[in-house]
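>>> coordinates only, sequence not included:
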């Protein structure tokens with residue numbers, strides 16, 4: 001499992017870990033029942049505090065992406081498709097808010113945004 005931490009990002013490290021693990025689960029790279037590295041091993045691999053990995057795993061468990069068992073470890077939880085869809089919608093909405101804010105600041109009209117969206121959405125093949 002490849003997780004890349006950016007110290008220059010304004011995003012806290014535990015959130016970077018959460019978002020990357022969520023993305024791996026949503027893409028199917030991590031499947032239900034797959035074991036995650038222990039908090040200690042992940043902390044060593046990333047050269048960060050175990051407290052940070054613990055916080056990330058707690059957040060992932062709270063959001064329903066993983067389940068942890070004392071003495072056994074943490075595993076990818078079977079995903080509720082509606083939960084997965086909600087997470088993707090939330091992430092997409094956040095990206096669109098960012099794009100719309102930038103467009104408004106630079107005078108790009110709603111019609112221009114719609115045209116760009118139609119070209120991007122219809123013209124590229126995403127998996």
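Thanks, I have the structure now. Predicted model, so just to flag it, every value in this text is computed and none were measured.
>>> ok, and for the helix or strand containing residue 90, which residues are buried?
Residue 90 belongs to helix 81-105 when assigned by DSSP states H and E. In terms of neighbour count (16 or more other C-beta atoms under 10 Å), helix 81-105 has its buried residues at residue 87. Bear in mind the C-beta positions are built from the backbone N, C-alpha and C, glycine included.
>>> what angle separates whichever helix or strand comes after that helix from helix 81-105?
Past helix 81-105, heading to the C-terminal end, the next element that is a helix or strand (DSSP H and E) is helix 110-123. For the pair helix 110-123 and helix 81-105, the angle between their directions (axes from the mean of the first three to the mean of the last three C-alpha atoms, to 10 degrees) equals 140 degrees.
>>> List the contacts of residue 4.
16, 20 (C-beta atoms under 8 Å, 6 or more residues apart in numbering).
>>> just residue 87 next, same as before
Taking C-beta under 8 Å, 6+ apart as the definition of contact, the neighbours of residue 87 are 22, 26, 63.
>>> Need the residues you listed in CSV (columns: secondary structure and pLDDT).
Compiled in CSV, these are given as follows (DSSP: H, G, I helix; E, B strand; the rest coil; pLDDT from 0 to 100):
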residue, secondary structure, pLDDT
22, helix, 91
26, helix, 82
63, coil, 89
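>>> Name the member of those with the most neighbours.
For the contacts of residue 87, neighbours were counted by other C-beta atoms under 10 Å; the highest total belongs to residue 22, with 20 neighbours.
>>> correct me, but it touches residue 66?
No: checked against C-beta atoms under 8 Å, the pair residue 22 and residue 66 is beyond contact range at 9.6 Å.
>>> Find residues that contact each of those two.
residue 60.
>>> Outline the domain layout of this protein.
13-76, 81-123 (automatic domain parsing).
>>> Spatially nearest residue to the residue nearest the centre of the chain (excluding sequence neighbours)?
Among the residues of the chain, the smallest C-alpha distance to the mean C-alpha position (C-alpha atoms, centre = their mean) belongs to residue 19, namely 2.5 Å. Across the structure, with C-beta to C-beta, 6 or more residues apart in numbering as the measure, the residue nearest residue 19 apart from its sequence neighbours is residue 11 (7.7 Å).
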